[in-house]
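S.K.: need a structure here:
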Amino acid sequence: MALEELYFGHNVRSAFAVGQARGVVMLAAGQRGVPCAGYTPQQVKGAVCGSGRAAKDQVARMVATLLALSEPPHPDHAADALAWRSAMPAGRR
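M.R.: Next comes the predicted model:
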């Protein structure tokens, strides 16, 4: 499983929340024997687009191409999916 390395900027609250989420994902992966590897955003951009300085829209277009998606993913879709899933009753997740 690939996880984004935590980047701490100016927003402590955001960094804390991301760190907690990473911990939960790592725990779940470990409980299932799934190895985890951490990558910086620049490493992911470099692997997907060939440049660690690629813009978000460029990354989205390349992801769509690599995964044969009909349209590029929207950055908010991942957050929407997580919010929707967390609102579901525990037995249905």
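
S.K.: please make it C-alpha for all contacts and neighbour counts, starting now.
M.R.: OK.

S.K.: assumed residue 7 was part of a strand.
M.R.: No. Remark: residue 7 does not belong to a strand; assigned using DSSP: H, G, I helix; E, B strand; the rest coil, it is coil.

S.K.: so which strand or helix has the residue nearest to it when sequence neighbours are not counted?
M.R.: Sequence neighbours aside, residue 15 is the residue nearest to residue 7 in space, at 7.3 Å (criterion: CA to CA, 6 or more residues apart in numbering). Assigned by DSSP states H and E, residue 15 falls within helix 12-31.

S.K.: touching that helix from outside, list them.
M.R.: 1, 3, 6, 7, 8, 9, 35, 36 (CA atoms under 8 Å, 6 or more residues apart in numbering).

S.K.: list the buried residues in it.
M.R.: By neighbour count on 16 or more other CA atoms under 10 Å, the buried set for helix 12-31 is 18, 19, 22, 26.

S.K.: next helix or strand past it?
M.R.: Next along from helix 12-31, by DSSP H and E: strand 37-39.
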